[in-house]
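Q: Curious how this folds, go ahead:
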Amino acid sequence: SLIDEIIIDEKVNLFVNDAINITKINVVQQNYTGNGKIVCILDTGINYGLFNLKLNETIFGYDFVNNDNDPLDDHGHGTSVSNVLLKTAPNAKIYSAKVINSNGVGYESDVLAGLQYCINNNVDIISLSIGSSLSSGYCDNNLVANKTNNAVDQGIYVIAATGNDWSSNSIRVPSCASKVLRVASSSKEDNISSFSNIYLNDLLAPGENINTIWLNGEQAVKSGTSYSAPLVAGSAALLLEKSLLEKASGKTNENLDINNLTYLLRSTSEVITLSSDNSRNYERINLYNALINNKTHEPFNYDANQTQ
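A: Numbering: from 1, shown residues only. As a prediction, the model looks like this:
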């Protein structure tokens, strides 16, 4: 038969809402919004007016670059990352630590101060879409990695993007801290993103061709593990809210422990395999499965031979 028409596929961009639907966050949002949970984002700040948030009333923060108490974004990355988090957990309370300057450069001293700020404010979750040097194993002797581990020791759930260096044997500091949840990127088709660092990976979440916003609210299509991490951070806020409400209502007498939270997210995930690597499975978040504890598999234990 004759071909009447050839339609050339255009690259399909993944709206944040699509990412939320793929991961079944939308189902969980019918009952949970992150209310009562505090998320600290270390980035370039946030243009909070775009989200109708008012400084020191509905959003809190500090600018460690310019040493003032206004974490207003002057770059765009922090606003785009915060957009993903707020689309996932719209009622979570945000603390924004601006630790990266208008050129996208940050210093360890500011990141350390930002982490301490999060700890001091008793946040529930820290979301890190920033990274410095590459590491081929755990990097607990690095100052920032050590500080993130310290936050975990104090009961804070720390989520870190692994970075975008196309690497299967290294990840960025501080995601190489042994106690954080390491998040890499998957695509709309549930493939592991080619750019994503997947070494020591805990969890995948959509981070490829994400339709988000930039500094002044303009639409922007972005890719990177930077967008996977806040999706998982927001998801954690929803699960921790559920745990809080169940404890308050007497359904359970235990809070969801952060170690249990990692196992819950990983063991209820969708399983993704990589044709070039048959040594392990990878886990892509399915938040509804996590909500009802529908275990799909036993998570790959990459820790076995890893020395700190």
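
Q: just checking, what packs against the longest strand along the chain?
A: In terms of residue count, the longest strand belonging to the chain (DSSP state E) is strand 277-284. Here strand 277-284 touches strand 203-206, strand 270-274, going by 3 or more Cβ pairs under 8 Å, 6 or more residues apart in numbering; DSSP states H and E. Heads up, the C-betas are built off the backbone N, CA and C, glycines and all.

Q: for the ones you listed, which one sits closest to residue 296?
A: Closest to residue 296 of these is strand 270-274 (Cβ to Cβ; 6.5 Å).

Q: List the contacts of the closest one.
A: With contacts defined as Cβ atoms under 8 Å, 6 or more residues apart in numbering, strand 270-274 is touched by 186, 190-192, 198, 204, 281-286, 296-297.

Q: change it to 6 Å
A: 190, 192, 281-282, 284, 286, 297 (Cβ atoms under 6 Å, 6 or more residues apart in numbering).

Q: Closest one to residue 236 out of the residues you listed, please.
A: Nearest to residue 236 among those, with distances taken as Cβ to Cβ, is residue 286, at 13.9 Å.

Q: count of residues packed around that closest one?
A: 21 (other Cβ atoms under 10 Å).

Q: ok, residue 294 to residue 288 distance?
A: Shown here: residue 294 relative to residue 288, a distance of 8 Å by Cβ to Cβ, to the nearest Å.

Q: scratch that, residue 56
A: 35 Å.

Q: Repeat that for residue 186.
A: Taking Cβ to Cβ, one finds residue 186 at 17 Å from residue 288.

Q: the more surrounded of those two?
A: Taking other Cβ under 10 Å, residue 186 and residue 288 do not tie; residue 186 has more neighbours (29 against 15).

Q: just checking, the more buried one touches residue 201?
A: No. Counting by Cβ atoms under 6 Å, residue 186 stays clear of residue 201, with 10.4 Å between them.

Q: Where does pLDDT dip in the stretch 1-150 of the chain?
A: Low-confidence segments of the stretch 1-150 of the chain (pLDDT under 70): 1-15.
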